[in-house]
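> Provided below are the primary sequence and the corresponding predicted coordinates.
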Amino acid sequence: MTSKSASANASNFDVLIIGGGLVGASLACALELAGKSVAIIEAHAFDDTTQSSYDDRTVAISYGSQQILDALGLWSDLSRYAEPIKTIHISDRGHFGVTRLKHDEENVEALGYVAENRGVGNVLYQHIQNSENITLYCPANPVAIEQSDAAVSVSIEDGGQLIKIDAQLLVAADGVSSQVRQMLQIGISEQDYRQSAVIANVTPGQSHQNVAYERFTDMGPIAFLPMAENRCSVVWTVPSEQAERLVSCADEDFLERLQERFGYRLGLLQHVGKRHIYPLALIESTQLVRGRIVVVGNAAHTLHPVAGQGFNLALRDVTLLAELISAANDPGSAALLQSYVEERESDAHRVYRFTDTLVKIFSNNVAPLGHLRAAGLLLVDLMPPAKHLFAKHSMGLSGTMSSLGQSLRRQSPDDRATQVDN
């Protein structure tokens, strides 16, 4: 089905986005504000089912990302699907050190949010459907890509017909197994962690009180993220050879094993929904730009889920790209795309180092290192400057942010605190 809110025969656009998931759809909404004509090619039909499910998957949205989504005019609708994180509790199983990050100490309403993917997708889809500047081809797949100095053309299969679409810029936002990246024969560098994430929603015996738990164990981290109706989204990292057993065992056995690893901070775990396995690796595209094509989001970099940085890094990709395009006559110019690469690389590599270091330091059972980890967590908790810096990492506020990102953030927590002090 082709859904067009622009001209029925439109085939020439400023920007063509392949991938209509959270990243691609967010970019389209940002470009709409800049008055650009946008086409989205999405392979999978959108599910417009509004009835929520116990097993709905979630995405972690940092404070910085929430500010961006608010400035895009999306948060007022998205917020009803999001549960705030008021406190982040970080611990290391078998050791005494604990760090607690609290929203009031950072002068924010919430450190972040946990949002249901289905609800976020429905909001973005409705926004796209109501836009006069966005054309959606769905379900549709690219079958050929051609470039010239002035434009890029994509042939797609849409409802049994072959359609050719022209644009000044093509954005590949089609995920970790990017078809665009494969068609262009762009390689990847990959660090296999030999771990898998077992993801499920769990109901604890006690109220989660909007606390997100990051519990490091010798096999990998366990995250409990607060959801509506006192559910928790659980991301349990285990050696890959153990993941299938955890998914296939009885619910009671799964909860018993999870309880043993996580502890009783949330009381007795009572119910678990469907379980899913995701192999974990640090994957980076060897090229972000090829001619008039740019690779963003998971197609550009896929991270370990520790600290929940993936979507937030991708949204900063979107923010900078939208900023550069909004001020340009030619969104696919070599100078613009080179600026994008130079500005995004430092942020991306900082996040790579942050998540990779956490995984390697905390996912082992070397006794001396365990004591150092415990001491480190305790020191962070007792030293406000260190805790504040760690909180900024978690909130997506560390590092350099583009000028559009700064304006979208409106005022940072530090700015507000300064005003209060004055």
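Looks like it arrived, so ask away. Numbers count the residues shown, from 1 in each chain.
> tell me the pLDDT of residue 392.
Residue 392 is assigned 68 on the pLDDT scale.
> my bad, should have said residue 375
Predicted confidence (pLDDT) for residue 375: 46.
> where do the strands sit along the stretch 151-300 of the chain?
152-158, 161-172, 188-203, 211-216, 222-226, 232-239, 271-272, 276-285, 289-290, 293-295 (DSSP state E, counting those that start in this stretch).
> residues touching the spatially closest residue to residue 196 that is not a sequence neighbour, list them.
Spatially, and ignoring its direct neighbours in sequence, residue 196 is nearest to residue 243 (3.9 Å; Cβ to Cβ, 6 or more residues apart in numbering). Bear in mind the C-beta positions are built from the backbone N, C-alpha and C, glycine included. Contact partners of residue 243, counting by Cβ atoms under 8 Å, 6 or more residues apart in numbering, are 196, 198, 277.
> confirm for me that the first one is in contact with residue 281.
By that I understand residue 196. No: with contact defined as Cβ atoms under 8 Å, residue 196 does not count as touching residue 281 (10.0 Å).
> which of those two has more neighbours?
Neighbours per residue (other Cβ atoms under 10 Å) separate residue 196 from residue 281, with residue 196 holding more: 23 against 17.
> and the more buried one, what does it touch?
Contacts of residue 196 by Cβ under 8 Å, 6+ apart are 237-240, 243, 277-280.
> of these, select the buried ones using a ChimeraX command.
Buried residues among the contacts of residue 196 (16 or more other Cβ atoms under 10 Å), as a ChimeraX selection:
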select :237,238,243,280
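> now the contacts of residue 196 in CSV, with pLDDT?
Formatted as CSV, those follow (pLDDT from 0 to 100):
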residue, pLDDT
237, 89
238, 91
239, 91
240, 92
243, 95
277, 93
278, 89
279, 88
280, 84
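> so can I have TSV of the contacts of residue 196 showing distance to residue 203?
Output for the contacts of residue 196, formatted as TSV (distance: Cβ to Cβ, whole Å):
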residue	distance to residue 203
237	21
238	21
239	26
240	27
243	22
277	21
278	22
279	27
280	25
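> for the contacts of residue 196, work out which two are farthest apart.
239 and 278 (13.8 Å; Cβ to Cβ).
> and the helices in this protein?
Along the chain, counting by DSSP state H, helices occupy 22-33, 63-71, 75-78, 117-129, 179-183, 240-248, 251-262, 310-326, 334-362, 367-382, 384-394, 403-409, 413-421.
> look up how far residue 176 lies from residue 28.
Distance of residue 28 to residue 176, given as Cβ to Cβ, to the nearest Å: 20 Å.
> in the stretch 1-150 of the chain, what spans have low per-residue confidence?
For the stretch 1-150 of the chain, applying pLDDT under 70 flags the ranges 1-10, 47-52, 93-97.
> still on that earlier bit, who's more crowded, residue 28 and residue 176?
Ranked by neighbour count (other Cβ under 10 Å), residue 28 and residue 176 place residue 28 first, with 28 against 16.
> need the contact list for that one.
If you count contacts by Cβ under 8 Å, 6+ apart, then residue 28 has 17, 20, 38, 40, 128, 131, 134 around it.
> again, but for residue 113
Contacts of residue 113 by Cβ under 8 Å, 6+ apart are 60-61, 66, 79, 82-85.
> fine, thanks again, bye for now.
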